[in-house]
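[1] model the structure of this input:
(one chain, ligands or ions: 1)
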Amino acid sequence: MAPYARYVPPKPTALAVAHTTSISQTSAPPQQKQVKVPKGPSRSDDNGRKKRKRAEIDNPPTTTDTNNSDDASVIPSKHSAVYSKFQKAAQRSEAARAAAPDENVDLADQPELHDLIPLPQPERAPTPDFVPSFSSLPQWLARPIVVSQSTTRPFSDLSLSKKTLAHLEQRGYTTAFAVQAALLPLLLPHPYLTHLPPNDICVSAPTGSGKTLAYVLPIVENLRTRLDTKLRAVIVVPTRELVAQACAVVSTCAQGSAIQIALAVGSQSVAAEQELLIKKGRVYDPERHHTLMEQARKRQCFELDSDLTDIEATMLDDVVRLPSGYVPTYNSAADLLICTPGRLVEHLAATAGFTLDHVEWLVVDEADRLLDQSFQEWVAKVTAALDVQRPLFTPNPEIAALRHSMPRRDRYVRKVILSATMTRDISKLSALKLRRPTMIVVKTETETTLDHEATVTVGAENFELPTTLSEFAVPVGDGSDKPLFLLELLRSKIFSSSISSSISGPKKIEADSSSTDSSDTDSSSSDDESSSDDNSDSSSDSSEDDASDSSDGSSSDSDSGSEVSSPSVTSKKITGLAPKTTGSSMVLIFTPSTEAAARLHHLITHIEPSYKATTLLLTKSSTNLSLNTSSPPRIIISTDRASRGLDLPLLTHVINYTIPRSLASYVHRVGRTARAGRSGEAWTLFAENEGRWFWNEIARATGISRSTKVERINLKLAAEQKEGGEVRSRYVDALEGMKEIVTSKNSKPRKGKGRKDGDVEMTG
Ligand SMILES: Nc1ncnc2c1ncn2[C@@H]1O[C@H](COP(=O)(O)OP(=O)(O)OP(=O)(O)O)[C@@H](O)[C@H]1O
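    All right, here's what the predicted structure looks like:
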């Protein structure tokens, strides 16, 4: 600020002295300079006064002069006391001024000058937190029904049919979990209030809390008594694995009933699915036959005015094959459809006879994910199809005309929307056109019981982690040795000890911090972590940071689909809902893409050949898990595709090889373990540049409830993993081998290079 040098006022000492001097001169001229003059003015008097004045100007008396005792002698004795008092006061004030620092100089009379630096302001009083007396959320979202996670009820108390109870008991299910205890009374038909239209339900409950059974049981109970087959229930989930899983639960509950279940996922052709979804028939209707045949003729001769829809084309294809006078009919072959959103939309558009006209139940599981993106605007298309009024059975035209003239009762479609990370975004939820909805939130700690309205306002994002989950985080330096850290983690922390205790044992699995496993446990890590790990900001997208990525910079196709054998995960779900412990750990490792998963599979099976037999790649192209075999895989490498809903009861550990992209993604990934009250561990590997983001957004995030803090574990690489060690040389060889594979694959043109594995599929 050199051009605006600060103004410093001069010391007023000289001024004060001069002032004092002038006073002493005027009021007490020194006696020795007094000249005796005759009374009355004269010329010589004037001359003498002028000379004296000039002499005074030329030789002004100094301060010391003022103090001089000579001066006192010239003061008349009657003023001398006053004068000496004045002198003393003057001396005192002069001494005080001289001693005082510059800032204390009284500047009241001085003009205040400032440069362009803003004046210092007093510190602001803290603004108190805004507590609104209203909520922008609608009442049902702002004040949900909060259910304690510890709430349980015997299934026998929940008005289930004897058959269903028997099936549940066969599976060892006698007690309903909290979400089931809350939902069943709301969804099962009320014994008296049958005339009331049903209301829609949104559910937010932690991963592994039993949401599937909570919606499957009421639907099965409802459909069990229906005599004719009509599509009455549709369950929408994001992936084909979840379709299979939900199907397994439905099949278990619907055993012995006539309920027809259909799947629509796209692992088979649309035509094959159409055959399973629709029963084709024929009816004698010569007039309509004639019209359709005329259209078929025009189509063949290219005389049609407009393009036919797929459904119209199907009808024309079918009518030409029927005997004269007959027209085709299409009826639903399924009571309940479990599907991905894309296939559902496809059938609505292209499958003759596929309508939602009779649907009474719509379930959207993993709703936040399915509502996140438009996915061919499936919500709008499905809600539009549900809005269509159910066609009335019209035995003859007169009655039909009469019925049409009468006001019609609305069709009620009960919508059940669920997720472990349920959105509170009203704009997304409103697309579902919910009717008088109720929000149910299953939480760990709450005073609110099932029957009471919650008084707590649930925040915009408030996720719950299972109370049986333990979380750990491992720093991996700059990430270049990440595969080695992963192997060290598997060796020293996961496969070193039997996990059998963790499956049914105490909630918290203590981190083994003994020196033999080459690790340091820093239990206070979650408080002091950032000091060592936030050297730089990291983005949430950590997808490309694994060593294998850096080694080749490109993708490699997964060829491990062949390693995967049936039976599928479905069958496990049917038979192994509450498995006995095997005494061994099973790990699910999350990578960001199919290619990254394949690279990691290549690396760890080459570095540690003993893992080859027990490591499985689970990607879109290889979705079956050979879990029913006598030796299930111990390591599963997958993508975020496996993060939603997948229920692997034997899974004891989750490893985030790359940190997830969001808190919700973290919740779903780690929620693959610690399910249904079992213990589980979640480990996250983070590089230096990811530490800050991980600790701030995930480990210490405010929008999440966890029973224990995330613990930092510092792993040390073993000697053989360091430079010159045997494991490291195998690592280097594996990287080299991978480079060759990638180079050779890159030379061939490939489809879908670099594609990320979507965790939602449109068509299965
Ligand atoms: N009442 C019960 N008694 C014992 N086990 C149960 C009960 N209900 C559900 N389970 C088991 O709990 C596990 C988790 O259930 P489910 O898959 O429905 O969880 P979820 O809440 O849908 O989890 P996510 O949000 O991850 O999809 C399953 O293995 C299921 O068999």
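
[2] interface residues of this structure facing the ligand?
    173, 175-177, 180, 205, 207-213, 420, 577-578, 645, 647, 649, 671, 675-676 (CB under 6 Å from any ligand atom). No exception for glycine: its C-beta is placed from N, CA and C like everyone else's.

[3] now, of the residues you listed, which are buried?
    Those of the residues of the chain next to the ligand that meet the buried threshold are 173, 176-177, 180, 205, 207-213, 420, 577, 645, 647, 649, 671, 675, by 16 or more other CB atoms under 10 Å.

[4] hmm, back to that, which of the residues of the chain next to the ligand fall in helices?
    180, 211-213 (DSSP state H).

[5] farthest pair in the residues you listed?
    180 and 212 (9.7 Å; CB to CB).

[6] now tell me which helix or strand of the chain has the poorest mean pLDDT.
    Ranked by mean pLDDT, DSSP states H and E, the helix or strand of the chain with the weakest confidence is helix 569-575, at a mean of 31.

[7] just after that one, pick out the following helix or strand.
    Using DSSP states H and E, the next helix or strand after helix 569-575 towards the C-terminus is strand 587-590.

[8] right, and the ligand sits closest to which residue of the stretch 51-200 of the chain?
    Residue of the stretch 51-200 of the chain nearest the ligand, by CB to the nearest ligand atom: residue 173 (4.3 Å).

[9] contacts only, for the spatially closest residue to that residue that is not a sequence neighbour.
    Spatial nearest neighbour of residue 173, excluding adjacent residues (CB to CB, 6 or more residues apart in numbering): residue 155 at 6.6 Å. Taking CB atoms under 8 Å, 6 or more residues apart in numbering as the contact definition, residue 155 lies against 165, 168-169, 173-176.

[10] which of those residues fall within strands?
    175-176 (DSSP state E).

[11] can you list the contacts of residue 155 in a markdown table and add pLDDT?
    Shown next, in a markdown table, are the contacts of residue 155 (pLDDT from 0 to 100):
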| residue | pLDDT |
| --- | --- |
| 165 | 93 |
| 168 | 93 |
| 169 | 92 |
| 173 | 94 |
| 174 | 94 |
| 175 | 96 |
| 176 | 96 |
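
[12] low-confidence regions, the stretch 251-400 of the chain specifically.
    389-400 (pLDDT under 70).

[13] would you map the helices across it?
    Ranges of helices in the stretch 251-400 of the chain, per DSSP state H, counting those that start in this stretch, are 270-277, 286-300, 310-319, 341-350, 367-372, 378-387, 397-405.

[14] what's the fifth one in contact with?
    In this case it means helix 367-372. Residues contacting helix 367-372 (CB under 8 Å, 6+ apart): 202, 236-238, 341, 364, 378-379, 417-419, 421-423, 425, 428-429, 431-432, 644, 664, 759-760.

[15] kindly recompute the last result at 10 Å.
    202-204, 236-239, 340-341, 364, 366, 375, 378-379, 415-425, 427-429, 431-432, 643-645, 664-665, 668, 759-760 (CB atoms under 10 Å, 6 or more residues apart in numbering).

[16] specify the beta-bridge partners of residue 331.
    With DSSP bridges as the criterion, residue 331 is bridged to residue 279.

[17] neighbours of it, how many?
    Neighbour count for residue 331, taken as other CB atoms under 10 Å: 13.

[18] same check on the one 4 residues further on?
    Taking other CB under 10 Å as the neighbour definition, residue 335 ends up with a count of 25.

[19] if I pick it, what's in contact with it?
    219-220, 222-224, 226, 228-233, 254, 257-262, 358.

[20] not counting sequence-adjacent ones, nearest residue to residue 634?
    residue 614 is the one closest to residue 634 (CB to CB, 6+ apart), at 4.2 Å.

[21] who's in contact with that neighbour?
    Applying CB under 10 Å, 6+ apart, the residues near residue 614 are 495, 584, 586-587, 605, 631-636.

[22] can you check residue 229 too?
    Residue 229 neighbours (CB under 10 Å, 6+ apart): 223, 258-260, 279, 331-335, 358.

[23] compare the residues you listed and tell me which has the most neighbours.
    Counting by other CB under 10 Å, top hit in the contacts of residue 229: residue 335 with 25 neighbours.

[24] any figure for the gap between that residue and residue 243?
    The gap separating residue 335 from residue 243 is 16 Å, by CB to CB, to the nearest Å.

[25] same question, residue 469
    Counting by CB to CB, the gap from residue 469 to residue 243 is 26 Å.

[26] same thing with residue 703?
    30 Å.

[27] which one of these two has more residues nearby?
    With neighbours defined as other CB under 10 Å, residue 703 and residue 243 compare such that residue 243 has more, 26 against 14.

[28] pLDDT on the helix or strand where residue 664 lies, on average?
    Using DSSP H and E, residue 664 maps to helix 663-670. Taken as a whole, helix 663-670 has an average pLDDT of 96.

[29] mind listing what's buried in it?
    Residues of helix 663-670 classed as buried: 663-670 (neighbour count, 16+ other CB under 10 Å).

[30] which one of those residues is nearest the ligand?
    For those, the nearest to the ligand is residue 668 (6.8 Å; CB to the nearest ligand atom).

[31] now the helices of the stretch 251-400 of the chain in TSV, with mean neighbour count and distance to residue 595?
    TSV is the format used below for those (neighbours: other CB atoms under 10 Å; distance: least, CB to CB, whole Å):
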stretch	mean neighbour count	distance to residue 595
helix 270-277	17	29
helix 286-300	14	46
helix 310-319	17	35
helix 341-350	21	23
helix 367-372	22	22
helix 378-387	18	28
helix 397-405	10	59
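
[32] which one of those helices lies closest to residue 487?
    Going by CB to CB, the one of those nearest residue 487 is helix 367-372, 32.1 Å.

[33] what about stretch 172-188, start to end distance?
    22 Å (CA to CA, to the nearest Å).

[34] pLDDT weak spots in this structure?
    In the chain (pLDDT under 70), the answer is 1-75, 100-114, 129-135, 191-195, 389-410, 445-461, 497-583, 620-631, 719, 741-764.

[35] which parts of stretch 468-480 are buried?
    Neighbour count says stretch 468-480 has 468-476, 479 buried, by 16+ other CB under 10 Å.

[36] for that stretch, C-alpha coordinates in CSV please.
    Presented in CSV, the C-alpha positions along stretch 468-480 are these (Å, rounded to 0.1, in the frame of the first residue of the first chain):
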residue,chain,number,x,y,z
THR,A,468,-24.3,-54.9,12.9
LEU,A,469,-21.9,-53.3,10.4
SER,A,470,-18.3,-52.4,11.2
GLU,A,471,-16.5,-50.0,8.9
PHE,A,472,-12.8,-49.6,8.2
ALA,A,473,-10.7,-47.4,5.9
VAL,A,474,-7.2,-48.2,4.7
PRO,A,475,-4.9,-45.6,3.2
VAL,A,476,-3.0,-46.9,0.1
GLY,A,477,-0.5,-44.1,-0.5
ASP,A,478,-0.7,-42.8,-4.1
GLY,A,479,-2.6,-45.9,-5.2
SER,A,480,0.1,-47.4,-7.3
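
[37] offset the numbering so it begins at 170, please.
    With 170 as the first residue, the last one maps to stretch 637-649.

[38] now for the closest residue to residue 603 other than its chain neighbours, how many residues are close by?
    Using CB to CB, 6+ apart and skipping residues adjacent in sequence, the residue nearest residue 603 is residue 369, 4.3 Å away. If you count neighbours by other CB under 10 Å, residue 369 ends up with 21.
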